[in-house]
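Q: below: sequence and its predicted model.
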Amino acid sequence: TLPSDAIVKRSRYDAHLQKLAQKAGAEFIELAKIVEVDLHPSHGEVAVVINNKKINISAKLIVDASGAKSLLAKKLKIINGRKSEDYIISLQYWLELKKEEIDRDFSERIEFHFGSKLVPEGYVWVFPKQDVIGVGIGGLAKNLFDQSFKLKPALDSFIKNHPLLKKGKVVLCQGGLIPSTIYPQIHGPSTLFIGEAAGIASPIHGGGIYYARKSARIAFDFGDKYLKTGNHKHLQEYEKKIREVFIDQEFKWDYKMRSFFDQDDFIDVLVRGAKTDQKAAGFFVNLFTGVEAHDKVYQQGEEALTELLAQHHPVCSENKHPDIISIPKETTIEDLESFSPQEILIVFSYCLKGLNCPAGRFSSECHRCGNCQISELINLISQLNFSYRIITTSDDFLSFMDETKGRYKGLLAVSCPHVANRLG
């Protein structure tokens, strides 16, 4: 059961916020294009063009909420050096359908679709509104660029093959880059950045409204102190608070949760499990609604995936699989001495990691924290100058071996019976 939430049209929502701001005393200037910004220790000056006329506006504090393409962020060079892995790229259509069709088919549901064949490390969403359906696709920009993945053909194909959406007419197309990491600097002389202008958006699903509102609330507290005292330390304190709230309390767990969606095997187990398993279903609800603390959501997802994997691939206590590759007891590391260290690959499974692994239990990374067996093994392997690989699924391992074909002559793997049979 979903908590009480609403799906809104962003344009109407922004217009609603504008009216609230005007009632509170804000002045709203329509059709104003910012062409220049000058910042000084005591104030900022913004040059805008309105109806082909240039005017200058001066303010003691400028709060930039202009989104990922902030002119001010570019001027201060705080987005210089950003790479494709720092962004999510998305595309969304509004599909026009008859209201009775929307009410009948979508009034009680929203849809999320996952899988590398659909979009690598991303997802497709279907959100009903009163008179249109929002259908979008998004994923990490780096993966899409590296694989020359095109969002529009993928989204068009999804809609064409969807039994309900294929009848819809596209009435709006929108999309672009969404930051997935907070910018290295989110304040300047007499300036604060909030929302996507500060690089604040969900690293998992790219959502921005919640983060814009929350960062704005924090900016209000510290901006108010700055206006009353003129002390720039309050602008620095704002940045410190933002990083504490979003990185330490939220995003560090979100980055770990990305590993749940890296492999199709994991996605399949979680999605199928959510149909009957309350913990898995609750994980998805909490992930996309944000009603629970992110560390608790990560723990919930990790526990659900661990339990579902155990049910799906139970470790065999009896020899039910005669084709399992066995290693003679007398086999030791000395048997690999005929190969150079660079030709030896040591492989072990993610399940040797602890439940609270700082790199994420279901990822192929290790931070060498010293709290599990994998950390100890990697330290030993590094001393011997061997290569290593943490495998998350058998498909992941087979893909890795295809990519590195011929590189390794000696292979030593630690595996459970299920994976051994897949590899055998």
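A: In hand now; what should we look at?

Q: contact partners for residue 196?
A: 67, 68, 178, 179, 208, 211, 212 (Cβ atoms under 8 Å, 6 or more residues apart in numbering). From N, CA and C alone the C-beta is placed, and that goes for glycine too.

Q: and the strand or helix carrying the third one, C-alpha only, in CSV?
A: Mapping residue 178 onto the secondary structure by DSSP states H and E places it in strand 169-179. The C-alpha trace of strand 169-179 is given here as CSV (Å, rounded to 0.1, in the frame of the first residue of the first chain):
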residue,chain,number,x,y,z
LYS,A,169,-0.5,10.5,-28.9
VAL,A,170,2.7,12.4,-28.0
VAL,A,171,1.7,16.0,-27.1
LEU,A,172,4.9,17.0,-25.3
CYS,A,173,8.6,15.9,-25.3
GLN,A,174,11.0,17.1,-22.6
GLY,A,175,14.3,15.9,-21.1
GLY,A,176,17.9,16.7,-20.4
LEU,A,177,20.8,16.2,-18.0
ILE,A,178,20.1,15.8,-14.2
PRO,A,179,23.1,16.1,-11.8
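
Q: other SSEs contacting that strand?
A: Other elements packing on strand 169-179 under the criterion 3 or more Cβ pairs under 8 Å, 6 or more residues apart in numbering; DSSP states H and E are strand 87-96, strand 132-140.

Q: and that strand, what's buried?
A: Across strand 169-179, burial judged by 16 or more other Cβ atoms under 10 Å covers 175, 177, 178, 179.

Q: out of the contacts of residue 196, which are inside strands?
A: Among the contacts of residue 196, the ones falling in strands (DSSP state E) are 178, 179.

Q: can you turn the buried part of the contacts of residue 196 into a PyMOL selection?
A: Remark: buried members of the contacts of residue 196, expressed as a PyMOL selection using 16+ other Cβ under 10 Å:
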select buried, resi 67+68+178+179+208+211+212
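
Q: which stretches of the protein aren't confidently modelled?
A: For the chain, the stretches flagged by pLDDT under 70 are 1-5, 312-336, 354-356, 393-395, 415-424.

Q: helices of that one, start to end?
A: With helices called from DSSP state H, the chain shows them at 10-23, 71-75, 99-106, 141-146, 151-160, 209-229, 233-242, 252-257, 264-274, 278-289, 294-312, 373-384, 394-403, 417-423.

Q: got the buried residues for the shortest one?
A: By 16+ other Cβ under 10 Å, the buried positions in helix 71-75 come out as 71, 72, 73.

Q: do the fifth one as well
A: Of all the residues in helix 151-160, those buried under the rule 16+ other Cβ under 10 Å are 151, 154, 155, 158, 159.

Q: if I look at residue 138, how far off is residue 150?
A: Counting by Cβ to Cβ, to the nearest Å, the separation of residue 138 from residue 150 is 13 Å.

Q: looking at the two, which one has more neighbours?
A: Relative neighbour count places residue 138 above the other of residue 138 and residue 150, with 23 against 11, counting by other Cβ atoms under 10 Å.

Q: what bridges to that one?
A: As for beta bridges, residue 138 partners with residue 90, residue 123 under DSSP bridges.

Q: need the residues that contact stretch 257-270.
A: Residues from elsewhere that reach stretch 257-270, judged by Cβ under 8 Å, 6+ apart: 114-117, 121, 123, 203-204, 280, 283-284, 287, 297-298, 301, 304-305, 308-309, 312, 360-363, 392-396.

Q: give me the buried subset of those.
A: 114, 116, 121, 123, 203-204, 280, 283-284, 287, 297-298, 301, 304-305, 308-309, 360-363, 392-394, 396.

Q: related to what we said a few turns ago, single out the most deeply packed of the helices and strands packed on strand 169-179.
A: Mean neighbour count (mean count of other Cβ atoms under 10 Å) peaks for strand 132-140 among the helices and strands packed on strand 169-179, with a mean of 22.

Q: other SSEs contacting it?
A: If you count contacts as 3+ Cβ pairs under 8 Å, 6+ apart, strand 132-140 packs onto strand 87-96, helix 99-106, strand 122-128, helix 151-160, strand 169-179.

Q: okay if I get the ones you listed as JSON lines plus distance to residue 56?
A: As requested, the helices and strands packed on strand 132-140 are exported to JSON lines (distance: least, Cβ to Cβ, whole Å):
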{"stretch": "strand 87-96", "distance to residue 56": "33"}
{"stretch": "helix 99-106", "distance to residue 56": "47"}
{"stretch": "strand 122-128", "distance to residue 56": "41"}
{"stretch": "helix 151-160", "distance to residue 56": "40"}
{"stretch": "strand 169-179", "distance to residue 56": "29"}
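
Q: residue 385 is nearest to which of those?
A: Counting by Cβ to Cβ, residue 385 lies closest to strand 87-96 out of the helices and strands packed on strand 132-140; the figure is 35.9 Å.

Q: give me the contact list for that closest one.
A: Everything outside strand 87-96 that qualifies as a contact, by Cβ under 8 Å, 6+ apart, is 68, 122, 129, 131-141, 144, 151-152, 155, 159, 165, 168-180, 201, 203, 206.

Q: again with stretch 139-147
A: Contacts for stretch 139-147 (Cβ under 8 Å, 6+ apart): 83-89, 119-123, 149, 151, 177, 180.

Q: against residue 272, how distant is residue 387?
A: 34 Å.

Q: before we move on, what about residue 408?
A: Taking Cβ to Cβ, one finds residue 408 at 34 Å from residue 272.

Q: same thing with residue 88?
A: Distance, residue 88 to residue 272, by Cβ to Cβ: 26 Å.

Q: what of residue 19?
A: Residue 19 sits 45 Å away from residue 272, taking Cβ to Cβ as the criterion.

Q: now swap in residue 351 and tell me
A: Relative to residue 272, residue 351 is positioned 20 Å away (Cβ to Cβ).
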